[in-house]
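# my questions are about this predicted structure, shown below with the sequence.
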Amino acid sequence: MTALPTQRLESWRYTDLRALGAMSFAEAPAAFPPPELPDIAAPRLVFVNGLFDAASSAALPFARAFLPVAEADELPLARINAEQARDGMTLEIPAGVDAGVVLLVCHASGGALHLRHRVTLGAGAALTLLEVVKGEGVYWHNPVTDIALGQGARLAHYRLQDESREAFHLATIRADVAADAAYESFTAVLGAKLSRAEFHVELSGPKAHTHLNAAQLLGDSQHGDFTSVVRHRAPDCGSRQTVKSVLSDAARGVFQGRIEVERVAQKTDGYQMSQALLLSPAAEMDIKPELRIFADDVKCSHGATIGALDEEQVFYLRSRGIPEEMARAMLVRAFLTEALEPVTHEEAHALFEAAIAAWWSGK
Amino acid sequence: MLEIKNLSARIGDKDILRGVTLSVPDGEIHAIMGPNGAGKSTLSYVLSGREGYEVTGGEVIYNGQDILALTPEARAAAGMFLAFQYPVELPGVGNANFLRTALNAVRRARGEAELDAVAFLKLARAALKNLSMQDDMLKRNVNVGFSGGEKKRNEVLQMALLQPGLAILDETDSGLDIDALKIVAEGVNALRSPAFSALVITHYQRLLDYIVPDKVHVLAAGRIVRSGGPELALELEAHGYAGLEVA
Ligand SMILES: Nc1ncnc2c1ncn2[C@@H]1O[C@H](COP(=O)(O)OP(=O)(O)OP(=O)(O)O)[C@@H](O)[C@H]1O
Ligand SMILES: [Mg+2]
């Protein structure tokens, strides 16, 4: 097996996988009490401990059988995934088809799970993919999702990472976005003892667009890493990233965001914002923005802030009769607003609202 | 009835209030005037329970209850309301959501039924209309991008909805044009009743033409140095504060 990345690698400087490396995972239990599914009226594909659960899943006309993986990339986790992957979702949406909403549910209760998902949208196709990952106990979830969007296609990809607090979650998402296509993504990071969501988005045709947003809500000694690389490889492309981290107790957040603009990618419009709200003195945030620009006519901005809740705002709300806890919850929710922007689907939005509220009350 | 007895307060090691004594009977409106830095805003913050102020002496009784030990939200539930000199911006918090959350929190604490979205909207629209405010104010984020006058009107809107028993208006008139001043004054006058009292902090006699106070007090260097009828405001307008500190 390919070795886990170490902190000597620049891209892994802030996330230490030694605790994961020291573990050995037994074969995942096959039987597992049926997981609680989100109440959303959409066809669903369910994976339990790394394997497709046909009985709980809908028969989707666009779903294909799993095929073995050939991995060309250097990314250590993608290589490990390729070596181990036995299953995963494969969706192929034909050109011009609006496939509506698909719910991807992954549940785990043990083992090392290397799912390989593939999503291909033909020219002008559209899909909203709502991905919910949940589990209990100790396991390692190492999914890789490969996305290819044809010209003018649109994928809304909403991810709710709500893994077991004892689990490791390391997700790699790679998207290739053709001309006029859009990859709109939002990730909510709530679970796992240690997690990383690593995005590689290639804007490979003119006027391709991506939104790469996230909200990390972490407590205890949770570690959440959001890493992105957006490559502008054609003119007139846009990328917007808003990553908000709310950290309580001794939680630690990481944001590494790189925007690369190739020489041909004139008129690039790139925006990246990382903001962290530290709710406790022991919480910590590491932010590393990076711009590599080789074109001369581009607009790229990035910013980062780290702060606490504004006590004047808290007082203003309390002076209107709003109890302190509720006032703080309102301000935390307000802080997240911009990150939730790409979530235009109503039921998905409600699901995230509920998850945020539950996080706050259980914090 | 609000009774402030010999109230002293400090910020850090700086004494700001040095024995303020004042009582506002039910149904009365009292004005507080006084030079910049006298402690007027400090008094309003101490009355509404803002953190960071150490009360070093005295007491504040509102409707028979010592309120200094209460949280800000408990004071609001008890009927106290502060219109801020500098209303706070809340990016990401919609004004309608804010107003409804506040109103329902206060209603809950007072043992009244909460309002659903429809009932709230009806109430809010009527209150907006009374204050000549546009409906789209409800859709915007609280005070974000509001003009100075719009912020002050938004304070009065909150007051109109929360129906306090005691309102403290801290320079609600500053930054208002003449028409807005009249509208705001009408908003206050509309609340006048035997169960409503107010402390109106202002630098200008002009506001007191529209909200006629029962009494005028001068706060200087952390103390009430003079009290009188509405004519005191005229006198101050003519002669300033010179010589008052020692009164
Ligand atoms: N947080 C603070 N730290 C230190 N000093 C403060 C603080 N807040 C207020 N002060 C001081 O307390 C004094 C009273 O301030 P306050 O705002 O109460 O005055 P005011 O009477 O409302 O004045 P104005 O008419 O200008 O609004 C001032 O000297 C001010 O500088
Ligand atoms: Mg003041």
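Thanks, I have it. Keep in mind the model is a prediction, meaning the values are calculated, not measured. Numbers count the residues shown, from 1 in each chain, chains lettered A, B, ... in the order given. Ligands and ions are numbered 1, 2, ... in the order given.
# in contact with residue A:293, which residues?
Counting by C-beta atoms under 8 Å, 6 or more residues apart in numbering or on different chains, residue A:293 makes contact with A:259-261, A:268, A:300. (Each C-beta comes from the backbone N, C-alpha and C, glycine too.)
# near ligand 1, which residues of chain B?
Within chain B, the positions near ligand 1 by C-beta under 6 Å from any ligand atom are B:11, B:14, B:16, B:34, B:36-42, B:85.
# close enough to count as contact, residue A:71 and residue A:77?
No - using C-beta atoms under 8 Å, residue A:71 is not in contact with residue A:77, being 10.3 Å away.
# any shared contact partners between these two?
Jointly contacting residue A:71 and residue A:77 under the rule C-beta under 8 Å, 6+ apart is no residue at all.
# more neighbours, these two?
Using other C-beta atoms under 10 Å in any protein chain shown as the criterion, residue A:71 and residue A:77 rank with residue A:77 on top: 22 against 17.
# parallel or antiparallel, list what pairs with the helix or strand hosting residue A:199.
Per DSSP states H and E: residue A:199 is located in strand A:194-203. In the sheet, strand A:194-203 lines up against strand A:168-177 (parallel), strand A:223-232 (parallel) (DSSP bridges).
# whichever helix or strand comes after that strand - contacts with which helices or strands?
Where DSSP H and E defines the elements, the next helix or strand beyond strand A:194-203 is strand A:209-218. For strand A:209-218, the elements it packs on are strand A:168-177, strand A:182-189, strand A:194-203, strand A:223-232, strand A:238-247, strand A:252-261, helix A:346-362, judged by 3 or more C-beta pairs under 8 Å, 6 or more residues apart in numbering or on different chains; DSSP states H and E.
# model confidence for the residue in the stretch 201-350 of chain A that chain B sits nearest to, exactly?
In the stretch 201-350 of chain A, the residue found nearest to chain B is residue A:334; the distance is 2.9 Å by C-beta to the nearest C-beta. On pLDDT, residue A:334 comes in at 96.
# one more: residue B:174?
Note on residue B:174: pLDDT of 89.
# circling back to that earlier point, alpha carbons only: can I get the strand holding residue A:199 in CSV?
What follows is strand A:194-203, C-alpha atoms only, in CSV (Å, rounded to 0.1, in the frame of the first residue of the first chain):
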residue,chain,number,x,y,z
LEU,A,194,-9.8,14.2,12.1
SER,A,195,-11.0,15.2,8.7
ARG,A,196,-9.8,16.7,5.5
ALA,A,197,-11.7,17.7,2.4
GLU,A,198,-9.3,18.2,-0.5
PHE,A,199,-10.7,19.7,-3.7
HIS,A,200,-9.0,20.0,-7.1
VAL,A,201,-11.0,21.9,-9.6
GLU,A,202,-9.9,22.4,-13.1
LEU,A,203,-11.6,25.2,-15.0
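# how much does it deviate in direction from strand A:252-261?
Orientation of strand A:194-203 against strand A:252-261 (axes from the mean of the first three to the mean of the last three C-alpha atoms, to 10 degrees) gives an angle of 10 degrees.
# next, the angle strand A:238-247 makes with strand A:194-203.
170 degrees.
# relative to strand A:209-218, how tilted is strand A:194-203?
Using the same axes, to 10 degrees, strand A:194-203 lies at 170 degrees relative to strand A:209-218.
# just how off-centre is strand A:194-203 within its chain?
7 Å (C-alpha atoms, centre = their mean, to the nearest Å).
# and stretch A:346-359, by the same measure?
That offset, for stretch A:346-359, works out to 15 Å (C-alpha atoms, centre = their mean).
# what is the mean pLDDT for that stretch?
On average, the pLDDT along stretch A:346-359 is 95.
# ok, now stretch A:150-158?
On average, stretch A:150-158 scores 98.
# just the CA atoms of that stretch, as CSV, please.
Extracted in CSV, the C-alpha atoms of stretch A:150-158 (Å, rounded to 0.1, in the frame of the first residue of the first chain):
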residue,chain,number,x,y,z
GLY,A,150,-19.3,18.7,-20.1
GLN,A,151,-19.9,22.0,-21.8
GLY,A,152,-22.6,24.1,-20.1
ALA,A,153,-23.3,21.3,-17.6
ARG,A,154,-24.2,22.2,-14.0
LEU,A,155,-23.5,20.2,-10.9
ALA,A,156,-24.6,21.3,-7.5
HIS,A,157,-22.7,19.2,-5.0
TYR,A,158,-23.7,19.6,-1.4
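# burial count for residue A:68?
When neighbours are counted by other C-beta under 10 Å, residue A:68 registers 8.
# before we move on, what SS does it have?
Secondary structure state of residue A:68, per DSSP: H, G, I helix; E, B strand; the rest coil, is coil.
# so who does it touch?
Counting by C-beta under 8 Å, 6+ apart, residue A:68 touches residue A:85.
# just want the residue of chain A that's nearest ligand 1.
residue A:312 (10.6 Å; C-beta to the nearest ligand atom).
# now that residue: how far from residue A:128?
Using C-beta to C-beta, to the nearest Å, residue A:312 is found at 39 Å from residue A:128.
# okay, the two: which has more neighbours?
A side-by-side neighbour count of residue A:312 and residue A:128, using other C-beta under 10 Å, places residue A:128 first with 22 against 13.
# contacts only, for that one.
Contacts for residue A:128 (C-beta under 8 Å, 6+ apart) come out as A:100-102, A:155-156, A:158, A:345, A:348.
# and the gap between the residue of chain B positioned farthest from its centre and residue B:60?
No residue in chain B sits farther from the centre than residue B:118, which is 28.3 Å out by C-alpha atoms, centre = their mean. Separation of residue B:118 from residue B:60 (C-beta to C-beta): 38 Å.
# which one of the contacts of residue A:293 is nearest to ligand 2?
Nearest to ligand 2 among the contacts of residue A:293, counting by C-beta to the ion, is residue A:300 at 43.3 Å.
# tell me the secondary structure at that closest one.
Applying three-state DSSP: residue A:300 is strand.
# give the contact list for it.
Residues in contact with residue A:300 (C-beta under 8 Å, 6+ apart) are A:259, A:261, A:268-272, A:291, A:293.
# and the residue of the stretch 51-200 of chain A nearest ligand 2?
residue A:188 (42.3 Å).
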